[in-house]
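*Asks:* Give me coordinates for this.
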Amino acid sequence: MSYVAPNAPGPIELSAELAALLGAALDEGHPVAVTYVDPEGKPHLSLRGTVQVLSSSQLAMWCRSSGLPDGIATNPNVALLYQNLETVEFYVFTGQARVDDDEAVRQQVFAGSPAREQAIDPDRKGAAVVVDIDSVTGRGPSGRVHMQR
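*Replies:* Numbers count the residues shown, from 1 in each chain. Predicted coordinates:
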């Protein structure tokens, strides 16, 4: 078996199809794994059901606990993994995360979260985390994916 290098990277352009895939990830049993480093420098891996496409080059998620928001305040580098073994699709996203306190963004991210996630935080005490994507690699329905800022 030989390694096939991916095509030269294209620009970051998160599609409507990818937005639909991530939007349904939790309900379809494929929550997104998010990695970050806490303020003490320890790595963390967390499954998230609220990851969503915010713009053509941004992801967002609603965070009910302070672990990830506290971690990205010290080190904004994150990685996210979506994988569906049945369809043989996977995407690895890397980027810079930040808490966005703008009320319009908070409303948008909360509204874009699955209803069962919203029900856990009815008072909206969580944080809207926005990830500016640096790269996306993986395999989609049309083959390899390689995007880079």
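*Asks:* From residue 33, how far off is the nearest residue to residue 65 once chain neighbours are set aside?
*Replies:* The shortest distance from residue 65 to any non-neighbouring residue, by C-beta to C-beta, 6 or more residues apart in numbering, is to residue 126 (7.9 Å). Yep, even glycine has a C-beta here, placed from its N, CA and C like the rest. Residue 126 is 19 Å from residue 33, where distance means C-beta to C-beta, to the nearest Å.
*Asks:* Between these two, tell me which one has more neighbours.
*Replies:* Higher neighbour count among residue 126 and residue 33: residue 126, with 22 against 16, using other C-beta atoms under 10 Å.
*Asks:* for that one, phi and psi?
*Replies:* With angles defined as degrees, to the nearest 10, residue 126 sits at phi -70, psi -170.
*Asks:* just checking, residue 97 touches residue 127?
*Replies:* No - with contact defined as C-beta atoms under 8 Å, residue 97 does not reach residue 127; the gap is 10.6 Å.
*Asks:* For those two, indicate the residue with more neighbours.
*Replies:* Between residue 97 and residue 127, counting by other C-beta under 10 Å, residue 97 is the more crowded of the two (25 against 21).
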